[in-house]
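Q: Mind folding the following:
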Amino acid sequence: MLRPEQIRTYEADALVDTGAARTVLPPHVVARLGLGNRGQRLAGYADGRRESVSVTGPLVVELEGRDTLDEALGLGDEVLIGQTVLEKLDLFVDREGQGLVPNPAHPDQPVTKVK
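A: This next block holds a predicted model:
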């Protein structure tokens, strides 16, 4: 068990990308958090390109007071939150308010769909 002062954190203004499935962290964030590399995954871009990129070990993602365990693709220069994290946290995109809001059916805590 780590003492609280040993836990590495990184706070960022992130772009929520509903067209992306996975979370993306720039390599400098991956290094700062000390995340291990679990291997490579094929990433597909909107322009049709495909590229092999590293995938991190597990990390805790916290948004709007909710948290989940996830992994991320290490690439680019900005933090992107994809659909997987939004679904696990049961958060919706508020386009007018340009933010995230809890699912109105589950305002107090996320509910995970199992079937």
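
Q: from here on, contacts and neighbour counts on C-alpha atoms
A: Fine.

Q: What distance do you get for the residue nearest the centre of the chain to G76?
A: Centroid check for the chain by C-alpha atoms, centre = their mean gives T23 as the closest residue, at 3.6 Å. Applying C-alpha to C-alpha, to the nearest Å, the value for T23 to G76 is 11 Å.

Q: for V55, same thing?
A: From V55 to G76 the distance is 13 Å (C-alpha to C-alpha).

Q: who's more crowded, the two?
A: Between V55 and G76, counted using other C-alpha atoms under 10 Å, V55 has the larger neighbour count: 23 against 12.

Q: What residues are bridge-paired with that one?
A: Beta-bridge pairing for V55 (DSSP bridges): G39, L73.

Q: Going along the chain, name the helices of the chain.
A: 27-33, 83-89 (DSSP state H).

Q: Pick the most deeply packed of these.
A: Of all the helices of the chain, helix 83-89 has the most neighbours on average by mean count of other C-alpha atoms under 10 Å, namely a mean of 19.

Q: so how far is that helix from its chain's centroid?
A: Relative to its parent chain, helix 83-89 has a centroid offset of 8 Å by C-alpha atoms, centre = their mean, to the nearest Å.

Q: What about the residue nearest to P110 when sequence neighbours are not counted, how many residues nearby?
A: The shortest distance from P110 to any non-neighbouring residue, by C-alpha to C-alpha, 6 or more residues apart in numbering, is to D90 (4.9 Å). Residues lying near D90 (other C-alpha under 10 Å) number 22.
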